[in-house]
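Enquirer: Build me a model from this:
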Amino acid sequence: MMKSTMILLFLVVSIMRGQNLIPEVEALLEKMTLEEKIGQLNLLTPGGGIATGSVVSKNVETKIKTGKVGGIFGVSGPDRVRIAQEFAVNNTRLKIPLLIGADVIHGYKTTYPIPLGLSCSWDMDLIEQAAQMAAKEATADGINWNFSPMVDIARDPRWGRIAEGAGEDPYLGAKVAEAMVKGYQQNDLSASNTMLACVKHLALYGAPEAGRDYHTVDMGKVKMFNQYLPPYKAAIDAGVASVMTSFNDIDGVPASGNKWLLTELLRNRWGFNGLVISDYTSVNEMIAHGLGDLQAVSALSLKAGLHMDMVGEGFLTTLRKSVKEDKVTEAEITHACRKVLEAKYKSGLFEDPFRYLDTDRPKKDILTAENRALARKLAAHSFVLLKNHDNILPIKKDAKLALVGPLADSRNNMLGTWAPTGDPNLAVTILEGFKNVASGARITYAKGANISDDPEFAKKINVFGPRISIDKRSSEELLQEALAVAKTSNVVVAVVGEATEMSGEAASRTDISIPDSQKKLIRELVATGKPVVLVLMSGRPLTIPEEFDLPVAILQVWHPGVEAGNAIADVVFGDYNPSGKLTTTWPRNMGQIPIYHSVKNTGRPAPKDKFEKFKSNYLDVDNTPLISFGYGLSYTTFEYSNLTLNKKNIMQGESVDITVTVENTGNYDGEEIVQLYLRDLVRTITPPIRQLKGFKKVFLKKGERRTVNLELTPDDLKFYNGSLEFVSEPGEFEVFVGTDSNASLKKSFVLK
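Expert: Numbers count the residues shown, from 1 in each chain. Down below sits the predicted model:
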């Protein structure tokens, strides 16, 4: 039988088996040697940018020219990428182009709020627009593969990478994952302004013990399926092109070598047919986990369902030996290579290896006025008004204002963690933003305090550049300057919180309060008797019980991105009415962690209004959080009424239509995020007290009243039972609708 006939027969059989093979890829695989296939499984970084791991690849140029590289990351710009791509297509036998990857986490050059902040907009259209903009800019610089979105559910704010995800809730997290995948990939992966997305980190990376990054995770499958896996699956269902494994173990087996995770769950159960890549050297790190030497862990990973090895080069250096020793098969290597080649085919790289390398595009598509305007809008929509004592906010634009704090004029801390492609020098400081937006205000600035007075702590934070600068002046001198400025002003705005790298990867903290240097500044400013606004900047929820009890306004702004100062000024001076709602629960103290809204009841639930022995209480603090999930104030007020359900009894497979009346009863136009929570009263596994199952963002003019429609679909009533079946069980359900997770309007229905 002729070779082409054999290929055709193989394709027909494979398609009948549901593999949907690509003829051009199969034809190329027929020509490849074992060494060439192994080379495609190797992803390297030549360094030169901000490192995202402790290892930098060596001799990258030589390896590309000798066919030992399938993709690279850490290289950008049409000219630089063209050089690398030419190494591959002009020097290798089969002229296979490279994938060009990058970590574009919250914008490329036009950075926008950290993902945790962006999620607080609860605005999926805006989030999709943000991802589209990031893809347009990154592809203009030659990048075709993005290691984003990170969708890990996180309920422990000690974990620094909580900044990178959408918070604690699987329903909201799934919606954000879907929006980001759609934004990056849109409808045509081969278009020059779209890029392959990579959902990460599969799986459970956001639940490390003690909140310590890279630490072990221990979780049962019922909790896993109901509370942690939904955002990953949402990304898969949205058509994400690739998946990145996590550093942690699952049931004792590290994710990069976990066959249950990568084959049984991801491929067989969820039907994912794309590319699976390791995280940065995570294959090699299985040695430290105790799974064997480099050859052993590389073979384990390949057989588990991993296709590409990031930076570690274990596949490159050991797989041929493993084939000879019958520890892996060439068919397994061919399968992994197929997934790499298919990703390149979908990106249009075989048709044109240089399709992303138009040298005119960076000037037209990157850091444009339009992009910066969107970044400014995204930032303003991410801010959460936590408190507004005596309606201090908004401030009049002709105010005599003291702007103080170590973050008030700190350009290096505006972009936030995980912005390796952004340029801090292009960021708008808050002092600049105030002058831009309120040119009639009389603004006086004083630093007031260092972010931290601890030089050893500052050294750890300043790995990627100066984030904490310790002033040559004494702490007392800084404080007295700020107090003098405050006393001559009518209102004080203090910008306080975390430096950029106090959260993020490898930035776990056991104390997530505001540093003492800034705490003292806040207390002394309040003691002046002047109205005080705290603009709070962080990459995580903080413990702020002392600050929350003070007579202040508190605006949580996360790390807002390149347009930080302008966006903060827009909200502080009332050009935009804040509408953000928290996507994480804020604890009263460290002892409450982990804390989240969808907790289960216990057999001994604590009374709400008093302490009772032998109930599930703390002796020293209430069970309730300081600030609840879904919480966020506005400059106006909203009232809810007339909650109705269209049915009191439904059958399996039926939906429930819900309406509620929302009225803007305050003095400003504003947006409200209407939230729907569900409680399943009786089922075969213990249910959460409440679960988010719907939300809608509405704009209401002052005095306007509107009927808001929500829906509970059949899937919203389902859960994974003890057999991991996705089911809904007959019984009574309670529906709560309101402004946050403490929503009080309630109705019931029965599922027959």
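Enquirer: Then E86 would be within a helix, right?
Expert: Yes - the assignment for E86 is a helix, going by DSSP: H, G, I helix; E, B strand; the rest coil.
Enquirer: Tell me the spacing between it and T92.
Expert: 11 Å (CB to CB, to the nearest Å). (C-beta placed from N, C-alpha, C; glycine too.)
Enquirer: tell me which element G574 is part of?
Expert: Taking DSSP states H and E as the definition, one finds G574 inside no helix or strand.
Enquirer: Actually, V708.
Expert: Using DSSP H and E, V708 sits within strand 705-712.
Enquirer: Equivalent analysis for E128, please.
Expert: Using DSSP H and E, E128 falls within helix 124-140.
Enquirer: follow-up on the earlier one: which secondary structure elements does the strand holding V708 sit against?
Expert: Strand 705-712 sits against strand 656-664, strand 670-680, strand 691-700, with contacts defined as 3 or more CB pairs under 8 Å, 6 or more residues apart in numbering; DSSP states H and E.
Enquirer: let's see 10 Å
Expert: Other helices and strands packing on strand 705-712, by 3 or more CB pairs under 10 Å, 6 or more residues apart in numbering; DSSP states H and E, are strand 638-645, strand 656-664, strand 670-680, strand 691-700, strand 731-738.
Enquirer: which residues touch the following helix or strand past it?
Expert: The helix or strand immediately downstream of strand 705-712 is strand 719-720, counting by DSSP H and E. Outside strand 719-720, the residues within contact range by CB atoms under 10 Å, 6 or more residues apart in numbering are 221-227, 229-230, 680, 683-685, 687-688, 691, 725-729.
Enquirer: ok, now with 8 Å
Expert: With CB atoms under 8 Å, 6 or more residues apart in numbering as the test, strand 719-720 has contacts from 222, 225-226, 680, 683, 685, 687, 726-728.
Enquirer: Among the residues you listed, which ones are in helices?
Expert: Applying DSSP state H to the contacts of strand 719-720, the entries found in helices are V222.
Enquirer: Using neighbour counts, give me the buried entries of the contacts of strand 719-720.
Expert: The neighbour count (16 or more other CB atoms under 10 Å) marks 222, 225-226, 680, 687, 728 as buried among the contacts of strand 719-720.
Enquirer: Nearest to Q480 among those residues?
Expert: Using CB to CB, N226 is the member of the buried ones among the contacts of strand 719-720 that lies nearest Q480, at 54.4 Å.
Enquirer: Show me what the closest residue to that closest one other than its chain neighbours is bridged to.
Expert: Using CB to CB, 6 or more residues apart in numbering and skipping residues adjacent in sequence, the residue nearest N226 is Y720, 5.2 Å away. Here Y720 shows beta-bridge partners F726, assigned using DSSP bridges.
Enquirer: what's the answer for R679, then?
Expert: According to DSSP bridges, the residues that bridge with R679 are E734.
Enquirer: check contacts around the residue most central in space within the chain.
Expert: With distances taken as CA atoms, centre = their mean, G165 lies nearest the centre of the chain, 2.3 Å away. By CB under 8 Å, 6+ apart, the residues touching G165 are 115-116, 119, 150-154, 173, 206.
Enquirer: do the same with K435
Expert: 441, 443.
Enquirer: got it, and I366?
Expert: Here I366 is in contact with 108-110, 137, 140-141 (CB under 8 Å, 6+ apart).
Enquirer: now do 6 Å
Expert: Contacts for I366 (CB atoms under 6 Å, 6 or more residues apart in numbering) come out as 109, 137, 140.
Enquirer: What of T585?
Expert: Taking CB under 6 Å, 6+ apart, we find T585 in contact with 595-597, 625, 629.
Enquirer: do you know how far it is from T713?
Expert: Look at T585 and T713: by CB to CB, they are 26 Å apart.
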